[in-house]
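*Asks:* pasting a predicted model and its sequence here:
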2 protein chains.
Amino acid sequence: MPTASLLIIGNEILSGRTADKNLQYLALKLEEKGVRLQEVRVVRDVEADIITAVNTLRTQYDTVFTSGGIGPTHDDITTAAIAKAFGVALHQHPDALAALQAYYKPADLNAARLKMVLLPVGATLIPNPLSNAPGFQLENVAVMAGVPRIFQAMVDFLVPTLITGDVIHSKTITTQHPEGTIAAFLEELELATTGLSIGSYPFFTETGRGTNVVLRSTVLSDVEAAGGALEAYLEGLGGKG
Amino acid sequence: MPTASLLIIGNEILSGRTADKNLQYLALKLEEKGVRLQEVRVVRDVEADIITAVNTLRTQYDTVFTSGGIGPTHDDITTAAIAKAFGVALHQHPDALAALQAYYKPADLNAARLKMVLLPVGATLIPNPLSNAPGFQLENVAVMAGVPRIFQAMVDFLVPTLITGDVIHSKTITTQHPEGTIAAFLEELELATTGLSIGSYPFFTETGRGTNVVLRSTVLSDVEAAGGALEAYLEGLGGKG
């Protein structure tokens, strides 16, 4: 199965100033495509940290997505760090330059903005429909903006180009029973069917508590059969709430 | 300065089913305490992945927080993985057992729930005011529940026990100018004051675009001076929006 990881780059996430929205967006798109997102890391705007993380992840997963740090300001250091991680030079990418020239008046295309078209040699572009400064792909690493609307557009561009895996079918069953009560049954149910994965997620709200049980498999009929068995079991316990 | 990392354990985050809420909560609490959250990782419910991540992070940061995987079901494997990571055995922790005995009727204290009091030898407890099953600390690793309300209570218990660092003062200035326009000024402003860090975060909404500039330093007067200089500069550009 094709695998992927996400590297989120940005002090604003680690300080708590900004709540990340990119992880879940990417995760759901990869899930639809049958690509397994297996690891996420969040690192600071520190060159050595970015290089270490990207060089580790790109050897472990089929595709690495990054978010953040490709803008025009001094704290945008991702592109240069990626070039160093790969040991390649930066050059002015002609198509990236053309995209910025189409967007900015010549007087506004200052040194800061021109930094955004200095890309690693060998990179191919990921279009940016909002502000034209592109992301890029270098081997199996896709480097994207951190701004959620741009990140999302870039993901939507990339996901159709990925190798498709077997899509996981999923069913969530909610019960008022706490997970400790149903734990033994859930384990038996998972063990009874190869490839079936059961997640158990307790919730606590102001009005009560309970458990969401998530059944997952690439075989839809296995999910449906296990769901039926669980519902019958819960009915025997006195209703699923 | 004291440093920290967070290890989020759970397939439900990587599949996109659940949006993580724990990162930002912890980040803001550490920020108040002057502790630097420097890295976050999200890994699957896979023992080897948990062990590798926790053994890497605990040597690199003063404190490692984990979230998720300490409940009673078969997919809760964090506690056993942490014990393996440290090379210590699990034992029934008497105070953890007492906490569960106070919460459950004897008939409800089944094998699944008793799993939650099998803790690594040497662990000390982190109280759980919601459902009594405790988290624990082992050396510099704090193992907490993934359910946000429980995670938050455990963070609130732990944070006052951490060594305090110099608190970072922060000021956000919002302008309608795109960041490319103000990039050169921001870089000069950062370089002019040792210890001042400036983050630039563009935003795009339905009604317009602009930039949030975040000034950060442990020296409040430096933040105020830089904020004043930036506001004067923006006024010169034609209003800060």
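*Replies:* Arrived safely, thanks for sending.
*Asks:* how about the helices of chain A, start to end?
*Replies:* A:11-14, A:22-33, A:47-60, A:78-86, A:94-103, A:111-114, A:148-158, A:179-191, A:220-238 (DSSP state H).
*Asks:* need the contact list for the residue nearest in space to the middle of chain A.
*Replies:* Centroid-nearest residue in chain A: A:Leu26, 3.6 Å away (criterion: C-alpha atoms, centre = their mean). Neighbouring residues of A:Leu26 by C-beta atoms under 8 Å, 6 or more residues apart in numbering or on different chains: A:6, A:37, A:65, A:151, A:155, B:16. All C-beta spots, glycine's among them, are computed from the backbone N, C-alpha and C.
*Asks:* how about 6 Å then?
*Replies:* Going by C-beta atoms under 6 Å, 6 or more residues apart in numbering or on different chains, A:Leu26 touches A:6, A:155.
*Asks:* next, the contact list for A:Asn212, please.
*Replies:* Counted by C-beta under 6 Å, 6+ apart, A:Asn212 has contacts A:172, A:174, A:201.
*Asks:* out of these, the closest to chain B would be?
*Replies:* Using C-beta to the nearest C-beta, A:Tyr201 comes nearest to chain B of these, at 6.1 Å.
*Asks:* does that closest one have beta-bridge partners, and which?
*Replies:* A:Asn212 (DSSP bridges).
*Asks:* okay, now it: neighbour count?
*Replies:* 22 (other C-beta atoms under 10 Å in any protein chain shown).
*Asks:* quick check: A:Pro72 touching A:Leu114?
*Replies:* No: A:Pro72 sits out of contact with A:Leu114 when judged by C-beta atoms under 6 Å, with a separation of 8.4 Å.
*Asks:* now do stretch A:154-174: everything it contacts.
*Replies:* Contact with stretch A:154-174 is made by A:1-2, A:26, A:29, A:33-35, A:126, A:135, A:142, A:144, A:212-216, A:218, A:220, A:223, A:227, A:230, as judged by C-beta under 6 Å, 6+ apart.
*Asks:* could you turn the buried ones of those residues into a PyMOL selection?
*Replies:* Per 16 or more other C-beta atoms under 10 Å in any protein chain shown, the buried members of the contacts of stretch A:154-174 correspond to this PyMOL selection:
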select buried, chain A and resi 2+26+29+33+34+35+126+135+142+144+212+213+214+215+216+218+223+227+230
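*Asks:* circling back to that earlier point, more neighbours: A:Pro72 and A:Leu114, which one.
*Replies:* Neighbour totals were compared for A:Pro72 and A:Leu114, and A:Pro72 leads with 24 against 16 (other C-beta under 10 Å).
*Asks:* check contacts around that one.
*Replies:* Counting by C-beta under 6 Å, 6+ apart, A:Pro72 touches A:112-113, A:115-116, B:179-180, B:183.
*Asks:* distance to A:Gly165, pLDDT and neighbour count added to those, as CSV?
*Replies:* CSV is the format used below for the contacts of A:Pro72 (distance: C-beta to C-beta, whole Å; pLDDT from 0 to 100; neighbours: other C-beta atoms under 10 Å in any protein chain shown):
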residue, distance to A:Gly165, pLDDT, neighbour count
A:Ala112, 40, 97, 22
A:Arg113, 38, 96, 22
A:Lys115, 36, 96, 20
A:Met116, 33, 96, 23
B:Glu179, 38, 94, 25
B:Gly180, 39, 95, 26
B:Ala183, 41, 97, 23
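*Asks:* phi and psi next, for A:Asp45.
*Replies:* Torsion angles at A:Asp45 (phi, psi; degrees, to the nearest 10) stand at phi -80, psi 60.
*Asks:* can you redo the contacts of A:Asn212 as CSV with pLDDT?
*Replies:* Formatted as CSV, the contacts of A:Asn212 follow (pLDDT from 0 to 100):
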residue, pLDDT
A:Thr172, 97
A:Thr174, 96
A:Tyr201, 96
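*Asks:* ok, these vs A:Val88, which is closest?
*Replies:* When these are compared for distance to A:Val88 (C-beta to C-beta), A:Tyr201 comes out closest, at 43.4 Å.
*Asks:* of all the residues in chain A, which ones are close to chain B?
*Replies:* Proximity of chain A to chain B is confined to A:11-12, A:14-16, A:19, A:24, A:27-28, A:31, A:37-44, A:71-75, A:112-113, A:130, A:147, A:149, A:179-180, A:183-184, A:186-187, A:199-200, A:202, A:204 under the rule C-beta under 6 Å from any C-beta of the partner chain.
*Asks:* please check the residues you listed and keep the buried ones.
*Replies:* Going by neighbour count (16+ other C-beta under 10 Å), the residues of chain A next to chain B have A:11-12, A:14-16, A:24, A:27, A:31, A:37-44, A:71-75, A:112-113, A:130, A:147, A:149, A:179-180, A:183, A:186-187, A:199-200, A:202 buried.
*Asks:* where in chain A is pLDDT low?
*Replies:* Residue ranges of chain A with pLDDT under 70: A:239-241.
*Asks:* how does it divide into domains?
*Replies:* Using automatic domain parsing, the domain parsing of chain A gives A:3-161, A:169-238.
*Asks:* let me know which of the ones you listed is tucked in deepest.
*Replies:* The highest mean neighbour count among these, using mean count of other C-beta atoms under 10 Å in any protein chain shown, belongs to domain A:3-161: a mean of 20.
*Asks:* okay, how far is it across that domain, tip to tip?
*Replies:* Terminal residues of domain A:3-161 are spaced 14 Å apart (C-alpha to C-alpha, to the nearest Å).
*Asks:* so how far is it from its chain's centroid?
*Replies:* How far domain A:3-161 lies from its chain's middle: 12 Å, per C-alpha atoms, centre = their mean, to the nearest Å.
*Asks:* likewise stretch A:148-168?
*Replies:* 9 Å.
*Asks:* ends of that stretch, how far apart?
*Replies:* Criterion C-alpha to C-alpha; first-to-last residue distance in stretch A:148-168 is 26 Å.
*Asks:* with stretch A:189-200 instead?
*Replies:* End residues of stretch A:189-200 are separated by 12 Å (C-alpha to C-alpha).
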